[in-house]
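[1] Fold the following for me, if possible:
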Amino acid sequence: EEVNSESYAWSHASRNDASIILQLTARIEELGGKECAAATDLVERRRQMFNVLVQHDYGAYIAAATTIGGMIAREDLPNVQDIPHPTPAAAG
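    Residues are numbered from 1 along each chain as shown. Predicted coordinates:
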């Protein structure tokens with residue numbers, strides 16, 4: 001079932017136990033960020049995963065989006081209502 005596989009993708013993800021959403025985010029950054037043409041498909045896949053989580057497992061979505069924190073722009077999240085703003089790194 002798609003919903004279960006998407007929720008599983010956040011919590012357990014892949015063979016190396018890293019979240020697929022985190023893997024996609026890391027790969028997007030390696031390619032030069034979301035503006036890079038080579039990352040377009042990865043950005044879309046991440047967006048799709050977030051959308052499925054919002055619709056079918058809101059708790060998993062909150063966990064995913066909160067963990068991602070400042071790694072992606074808030075406008076790239078489908079819903080920011082319950083997502084805390086990332087805390088800026090302490091100066092010093």
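
[2] quick one: contacts for Leu31?
    Ala38, Ala39, Leu42 (Cβ atoms under 8 Å, 6 or more residues apart in numbering). Bear in mind the C-beta positions are built from the backbone N, C-alpha and C, glycine included.

[3] So it versus Ala39, what's the distance?
    4 Å (Cβ to Cβ, to the nearest Å).

[4] The residue most central in space within the chain and Asp76, how far apart?
    Nearest residue to the geometric centre of the chain (Cα atoms, centre = their mean): Ile21, 4.3 Å. Distance, Ile21 to Asp76, by Cβ to Cβ: 11 Å.

[5] what do you get for Ala63?
    17 Å.

[6] Ok, Ile62 next?
    In terms of Cβ to Cβ, Ile62 sits 16 Å off from Asp76.

[7] So in this protein, which helix runs the longest?
    helix 40-56 (DSSP state H).

[8] Return the set of buried residues in that helix.
    Leu42, Val43, Arg46, Met49, Phe50, Val52, Leu53, Val54 (16 or more other Cβ atoms under 10 Å).

[9] would CSV of those with pLDDT and distance to Ala26 be doable?
    Formatted as CSV, those follow (pLDDT from 0 to 100; distance: Cβ to Cβ, whole Å):
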residue, pLDDT, distance to Ala26
Leu42, 93, 10
Val43, 93, 13
Arg46, 90, 11
Met49, 85, 14
Phe50, 87, 16
Val52, 83, 20
Leu53, 83, 18
Val54, 85, 22
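
[10] Identify the contacts common to Ile21 and Asp76.
    The contact lists of Ile21 and Asp76 share Arg46, where a contact means Cβ under 8 Å, 6+ apart.

[11] just the helices in the chain please.
    Counting by DSSP H, one finds helices in the chain at the ranges 2-11, 20-30, 40-56, 58-68.

[12] Out of these, which is closest to Pro84?
    Among the helices of the chain, helix 58-68 comes nearest to Pro84, with 6.3 Å by Cβ to Cβ.

[13] Noted, bye for now.
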